[in-house]
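# task: produce atomic coordinates for the following.
(one chain, ligands or ions: 1)
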Amino acid sequence: MSNKITAAITSVAGYVPEDKLTNFDLEKMVDTNDEWIRTRTGVEERRILKGDGLATSDMVVPAVRSLCEKRGISPEDIDCLIVGTVTPDMVFPSTANIACDKLGAKNAWGFDLAAACSGFLYSLTVGASLIESGRYKKVVVCGADKMSAIVDYQDRATCIIFGDGAGAVLLEPNTDGYGVLDSILRSDGSGANYLHMKAGGSKKPASVETVMAREHFAYQEGQAVFKFAVKGMADVSAELLEKNNLTGDDIAWLVPHQANLRIIDATANRMGLTKEKVMINIQKYGNTTAGTIPLCLWEWEDKLKKGDNVVLSAFGGGFTWGATLIKWGY
Ligand code: UT7
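Numbers count the residues shown, from 1 in each chain. As a prediction, the model looks like this:
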């Protein structure tokens, strides 16, 4: 068709830990109840990565291993691994670096990308650019977070939404117009006031005081974030449709970040989409931050058809937000 190289998704995989944390478990930990959590957020249970020394890379590795098996390639064939995460194994080296070693991805380079809940969308745009440049043939883009490592299980306003998980896609060059077609990505650093981790960075290094003050956990002003998220995610998704001369009728699937069912509904309404076209698994996994979108793609893989127009959409800490249009390639 055309000679233009696009980055097609050629394989999808995911990993969620076995251990479940249900709303009823949380009722025993904080002053909350299943009814409140379900009606205000849509979450019923989340997965938690348990085990000494287990980290985000331990979810990336099985996801990428499965991705390679499904595509019939070896980890040695990977050129680059990008891990969208805000819960890296360590501040440095990068989780991508550690995961490549565990995978035996000897020919890959890689890096982590911190854009919170938009981590997968940002990483996908970067990964797609590496393919579009013609320089790389196999780029793996992963969204992975072990949120249980930074969630305060004494704070009922935040501990109810987050969970652990990882998803990954393989990007390969395509000249038939499949893959990542367009993206609108945004950021607003003033949003840091509403969603951040107070200590542990260079601004406020870890100390006895920061630990005592519980400053190594995610801090969120939920209501403020909610207001920005509803508007930001819906606006950018509608803008992406308009920019590409599409309407809701042209879209086969919306793949929204799973932060709150009410934010997802607002975005779908704004795009003129019925519920049947929206991927929702928030009830099972909660908000896995960078993991949500690839985990949905993984779960819905069987239902996706070659040529489907798919919109991915996210809003999260930073603030960071955006929407990406994909033509499904298999
Ligand atoms: O993914 C990254 C970006 N993050 C988001 O997109 C999250 C956006 N925010 C949200 O999803 C929602 O703001 C939350 C789910 C975090 C909170 O829901 P909300 O409807 O905004 O609740 P709220 O903070 O306005 O609190 C309403 C009431 C308060 O009680 P009063 O002051 O009305 O008496 C809270 O204390 O609900 C209370 N509350 C709870 N009650 C039972 C807060 N958390 C809980 C709880 N169980 N877990």
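# neighbours of the residue nearest to D308 when sequence neighbours are not counted, how many?
Of all residues beyond its chain neighbours, the one nearest D308 is A252 (3.7 Å), with distances taken as CB to CB, 6 or more residues apart in numbering. For glycine as for every other residue, the C-beta is placed from the backbone atoms N, C-alpha and C. A total of 16 residues lie near A252 under the criterion other CB atoms under 10 Å.
# would you agree A252 is in contact with K303?
No: here A252 does not reach K303: they are 9.1 Å apart, not a contact under CB atoms under 8 Å.
# before we move on, the earlier item: the residue nearest to D308: what's it in contact with?
K277, L304, K305, D308, N309, V310, W328 (CB atoms under 8 Å, 6 or more residues apart in numbering).
# find the closest residue to the ligand in the stretch 1-150 of the chain.
T32 (3.3 Å; CB to the nearest ligand atom).
# got a list of what that residue touches?
Contacts of T32 (CB under 8 Å, 6+ apart): N23, L26, R156, I160.
# again, only using 6 Å
Contact analysis of T32 by CB atoms under 6 Å, 6 or more residues apart in numbering lists L26, R156.
# ok, Y178 next?
Taking CB under 6 Å, 6+ apart, one finds A8, K327, G329 in contact with Y178.
# would you confirm that V230 belongs to a helix?
Yes: counting by DSSP: H, G, I helix; E, B strand; the rest coil, one finds V230 located in a helix.
# surely it is in contact with I263?
Yes: using CB atoms under 6 Å, V230 is in contact with I263, at 5.4 Å.
# higher neighbour count, these two?
More crowded of V230 and I263, by other CB under 10 Å: I263, with 25 against 19.
# got the confidence number for N3?
Turning to N3, the model gives it a pLDDT of 81.
# that one: neighbouring residues, count only.
By other CB under 10 Å, the residues close to N3 number 5.
# which residue packs closest to it, ignoring adjacent ones?
T175 (6.0 Å).
# also L195?
Leaving aside its sequence neighbours, L195 sits nearest to G317 (CB to CB, 6+ apart; 4.2 Å).
# and that neighbour, backbone torsions?
Per-residue torsions, G317: phi -50, psi 140 (degrees, to the nearest 10).
# quick one: the helices in the stretch 151-300 of the chain?
For the stretch 151-300 of the chain, the helices defined by DSSP state H, counting those that start in this stretch cover 156-159, 208-212, 222-243, 261-270, 282-285, 292-300.
# right, is the last one up against the ligand?
No: remark: helix 292-300 sits outside contact range of the ligand, by CB under 6 Å from any ligand atom, the gap being at least 8.2 Å.
# can I get that helix as PDB, trimmed to CA atoms?
Backbone C-alpha positions of helix 292-300 (Å, rounded to 0.1, in the frame of the first residue of the first chain) are rendered in PDB as follows:
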ATOM      1  CA  THR A 292      -4.200  -1.000  32.900                       C
ATOM      2  CA  ILE A 293      -4.300  -0.400  29.200                       C
ATOM      3  CA  PRO A 294      -2.000  -3.300  28.000                       C
ATOM      4  CA  LEU A 295      -3.800  -5.600  30.500                       C
ATOM      5  CA  CYS A 296      -7.100  -4.700  28.800                       C
ATOM      6  CA  LEU A 297      -5.600  -5.400  25.300                       C
ATOM      7  CA  TRP A 298      -4.300  -8.700  26.600                       C
ATOM      8  CA  GLU A 299      -7.700  -9.700  28.000                       C
ATOM      9  CA  TRP A 300      -9.600  -8.600  24.900                       C
END
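# thank you, goodbye.
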